[in-house]
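Novice: Fold the stuff below for me.
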Amino acid sequence: MVEPQFKEVKFTVPWGHVAAKTYGPSEGKPVLMVHGRLDNAGSFTRLMKYLPLE
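Specialist: I've put the predicted structure just below:
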């Protein structure tokens with residue numbers, strides 16, 4: 001199965017930046033996934049195919 005395509009983005013905050021990955025259409029319903037300290041955003045890549053597009 002093909003892995004979903006994503007775009008890397010950064011949000012500036014007072015202490016630096018927060019990095020994120022966005023998947024799917026920008027007009028879709030947002031879902032926020034937050035990982036723990038010893039993990040990274042790549043952990044959610046395999047879950048994206050199970051989320052509805054709408």
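Novice: residue ranges with poor pLDDT in the chain?
Specialist: By pLDDT under 70, the low-scoring segments of the chain are 1-3, 54.
Novice: go again using 50 as the cut-off
Specialist: Filtered on pLDDT under 50, the chain yields no residues whatsoever.
Novice: Not counting residues beside it along the chain, what's closest to the residue nearest the centre of it?
Specialist: The residue lying closest to the centre of the chain (C-alpha atoms, centre = their mean) is residue 21, at 3.6 Å. Closest residue to residue 21 apart from its sequence neighbours, by C-beta to C-beta, 6 or more residues apart in numbering: residue 6 at 4.4 Å. All C-beta atoms are positioned from the backbone trio N, CA, C, and that covers glycine.
Novice: was I right about that neighbour contacting residue 23?
Specialist: Yes - between residue 6 and residue 23 there is a contact under C-beta atoms under 8 Å: 5.0 Å.
Novice: any residues in contact with both of the two?
Specialist: Each of residue 48 lies in contact with both residue 6 and residue 23 under the rule C-beta atoms under 8 Å, 6 or more residues apart in numbering.
Novice: May I ask you to confirm that residue 49 belongs to a helix?
Specialist: Yes - secondary structure of residue 49 (DSSP: H, G, I helix; E, B strand; the rest coil): part of a helix.
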